[in-house]
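S.K.: sharing a model that was predicted from the sequence below.
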Amino acid sequence: MAERFRYPLAKMGVDDLELAEQIGEQYLNILPTKTTLIPYAQEMLDELTGKKYPLTIISNGFVEVQYKKLRSSGIEHYFRHVVLSEAAQALKPDKKIFEYAMKLNNASSADECVMIGDSYHADIVGAQNAGIDQVYLFNLPDRRPENYRATYQVNGLNEIIPLLGL
């Protein structure tokens, strides 16, 4: 486990395996306890699953964290699949992880999919790489890159259902 945390520390000039192990253990223990959903998440999930859309999470996160977070947040049941980089053997923004998710959902083409994400580089560019339309959620305006482009842009999840015409 420490090796996955060691590299980011080394980039900051700290090459301490013991510290990496401590940080990694604390991270994996604390992160799943952060269960507050962003505004309108519950309503959007209810609406989309009510319309029978298969929802899939695509994440570069760790297996041991992602499932705990979904369970403790009470939203695990909304998602047909959770695609993690470990299973797909690719990290966002690599199009392979998106193609893996499309295959799991029996999507015959990228036209059948929409990626909703708040990380421009990982989510939006990744979906663009796979030919998937994107909804860029600006929930952190200070992270908005210059010259960004996305199929759609929203300031909150409450704007997604009307935007998609659902």
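M.R.: Nice, I can see it.
S.K.: contacts only, for L55.
M.R.: The neighbours of L55, taking Cβ atoms under 8 Å, 6 or more residues apart in numbering as the test, are 45, 48-49, 78-80. Backbone N, C-alpha and C define where each C-beta goes, glycine included.
S.K.: among these, which are in helices?
M.R.: The helices, defined by DSSP state H, take in 45, 48-49 from the contacts of L55.
S.K.: helix or strand for Q134, which one?
M.R.: Per DSSP states H and E, Q134 falls inside strand 133-137.
S.K.: please name the strands paired to that strand in the sheet, noting orientation.
M.R.: If you go by DSSP bridges, strand 133-137 pairs up with strand 114-117 (parallel), strand 152-154 (parallel).
S.K.: which element follows the first one toward the C-terminus?
M.R.: Read it as strand 114-117. Remark: after strand 114-117, the chain's next helix or strand is helix 126-129, criterion DSSP H and E.
S.K.: average pLDDT across that following helix?
M.R.: Mean pLDDT, helix 126-129: 98.
S.K.: coming back round to it: out of the ones in helices among the contacts of L55, which are buried?
M.R.: Buried members of the ones in helices among the contacts of L55, scored by 16 or more other Cβ atoms under 10 Å, are 45, 48.
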